[in-house]
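In: dropping a prediction and its sequence here:
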Amino acid sequence: MAALDYVALAQPGLRSLRAYDPGLDLVALRRGFAGGVLVELGSNENSHGPSPAARAAILDCLHSLHRYPDPSGGDLKRALAACHGVDPASIILGNGSHELLMLMGQVFAGPGRGVVSSQYGFAVYALSALAAGAPWTPAAARPVDDPMPRGHDLGAIRAAVGADTALVFLANPNNPTGTWFSTAELADFLASLPANVLVVVDEAYLEYVTDPALTSAIPLLARFPNLAVTRTFSKGYGLAGLRVGCLLADPGLVAVLERVRESFNVNLPGLAACEAALADRVHLDWVRRQNAIEREALADALAARGLAVSPSQTNFLLVDFGRDAAPVEAGLVARGVVPRPMAGYGLPTCLRLTVGLRDENRRLLQALDEVLG
Ligand SMILES: *Cc1c(COP(=O)(O)O)cnc(C)c1O
């Protein structure tokens, strides 16, 4: 039987597409470390875990797992709307914000309707474009010796926007660089764009931000009908395993996204846990404070070892070893510490390290000292 060329059968945009690279195989690594404790610093998860109220909410809903969840996620949307000072109709929920980023591409991009994002922006933006068959234009990032190394250059992104640009993706702060731009810079950027170019500001790490110059773009929604903002429960809220995110935009934009949203895309425990997590501001503030303390301590410790550490308003640090980082990565993994390789981002000399608990960071530094000898 002759094999079919499935790639040739796929829509043309998929031909140059590679599947999202989730990093090292954690399931295999955990199996290999059975008995020992693996320090998992590869996926920017929240080492502190979620609010205890989220766990309690999940236990509470176990008796109704045979029922479909609320297809519109009304309670969670109303809680989010109250939290962010918007109308519930301006919110759509997703199976993680990843789903919503893909949905934005599916709905608004396509052949002749291009997508622009920064060179070292989050990998999902290019995926969203190519999956929709849209041309993707990466805008050059800031130089390595910039105060925001490899960060978004809003001027270059603006210059990359052309007559056939439909959609711009920005991450603020950005993954994998950890860099950010101020709310004032974002407002200027939005004002400089043609009114029909949609802009997604991905605020996956906003809960970790401590720089007062960077606040959420959500209040800008009232001024810019072409703006959409995504948030997630995967990072600051510590619920990555449940897969819940949201997008906030004009109710008209949300209504168009709703046309293609999969029904019941957010599961029952996810809806319940996120509503409870949102209500626990004490836990979130504690996470933010702990992360800020550990982020600074870890950045200082790495810098003291002569390593180039990018500034970060997130729960991770991008570290440049100035040489191929693959042997460093292998050495860390051999010692039970899991970083995120960056070769897929075109940064083979870098590793991305999640800021862990104090003890995890200590183990990271100890392993690094052994590896760097
Ligand atoms: C982690 C991350 C997300 C969140 O993805 P979810 O699908 O919500 O888990 C989105 N954007 C960026 C930049 C991220 O790093």
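Out: Structure's in. What do you need?

In: going forward, measure contacts and count neighbours with C-alpha atoms only.
Out: Fine.

In: what pLDDT does residue 34 get?
Out: At residue 34, the model reports a pLDDT of 68.

In: again but with residue 27, I slipped
Out: 87.

In: is residue 86 in a helix, a strand, or coil?
Out: Following DSSP: H, G, I helix; E, B strand; the rest coil, residue 86 is assigned to coil.

In: what's the spacing between the closest residue to the ligand within the stretch 251-373 of the chain and residue 356?
Out: Of all residues in the stretch 251-373 of the chain, residue 314 sits closest to the ligand, at 9.3 Å by CA to the nearest ligand atom. Distance, residue 314 to residue 356, using CA to CA, to the nearest Å: 12 Å.

In: the two: which has the busier surroundings?
Out: It is residue 314, of residue 314 and residue 356, that has more neighbours when counted by other CA atoms under 10 Å, with 31 against 26.

In: wait, is that one part of a strand?
Out: No - per three-state DSSP, residue 314 lies outside any strand segment and is coil.

In: what's the neighbour count on the closest residue to residue 111 other than its chain neighbours?
Out: Of all residues not flanking residue 111 in the chain, residue 134 sits nearest, at 4.6 Å (CA to CA, 6 or more residues apart in numbering). Counted by other CA under 10 Å, the residues lying close to residue 134 total 27.

In: residue 134 contacts residue 116, doesn't it?
Out: No - at 10.2 Å, residue 134 does not count as touching residue 116 under the criterion of CA atoms under 8 Å.

In: returning to what we had before: for the residue of the stretch 251-373 of the chain closest to the ligand, give me its contacts.
Out: Listed by CA atoms under 8 Å, 6 or more residues apart in numbering, the contact set of residue 314 reads 173, 178, 205-206, 208-209.

In: show the buried residues in those.
Out: Buried subset of the contacts of residue 314 (neighbour count, 16 or more other CA atoms under 10 Å): 173, 178, 205-206, 208-209.

In: picking that back up, can you redo the contacts of residue 314 as CSV with secondary structure?
Out: Below are the contacts of residue 314 laid out as CSV (three-state DSSP):
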residue, secondary structure
173, coil
178, coil
205, coil
206, helix
208, helix
209, coil
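
In: just to be sure, residue 359 is in a helix?
Out: Yes - Residue 359: assigned to a helix according to three-state DSSP.

In: would CSV of the contacts of residue 314 with distance to residue 284 and pLDDT be doable?
Out: What follows is those, written out as CSV (distance: CA to CA, whole Å; pLDDT from 0 to 100):
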residue, distance to residue 284, pLDDT
173, 18, 98
178, 20, 98
205, 12, 98
206, 12, 98
208, 9, 98
209, 12, 98
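
In: check the residues you listed against the ligand, which are close?
Out: For the ligand, no contacts are drawn from these by CA under 6 Å from any ligand atom.

In: quick check: phi and psi on the spatially closest residue to residue 261 that is not a sequence neighbour?
Out: Once flanking residues are discounted, residue 261 sits nearest to residue 103: 7.6 Å by CA to CA, 6+ apart. Phi and psi for residue 103, reported as degrees, to the nearest 10, are phi -60, psi -40.

In: and what of residue 318?
Out: Dihedral angles for residue 318 - degrees, to the nearest 10 - are phi -90, psi 120.

In: what residues does the stretch 101-250 of the chain put near the ligand?
Out: 122, 171, 174-175, 202, 204, 232, 234, 240, 243-245.

In: take these and keep only those in strands.
Out: Those of those mapping onto strands are 171, 202, 232, 245, per DSSP state E.

In: okay, buried residues for stretch 198-215 please.
Out: Quick answer for stretch 198-215 (16+ other CA under 10 Å): 198-209, 214-215.
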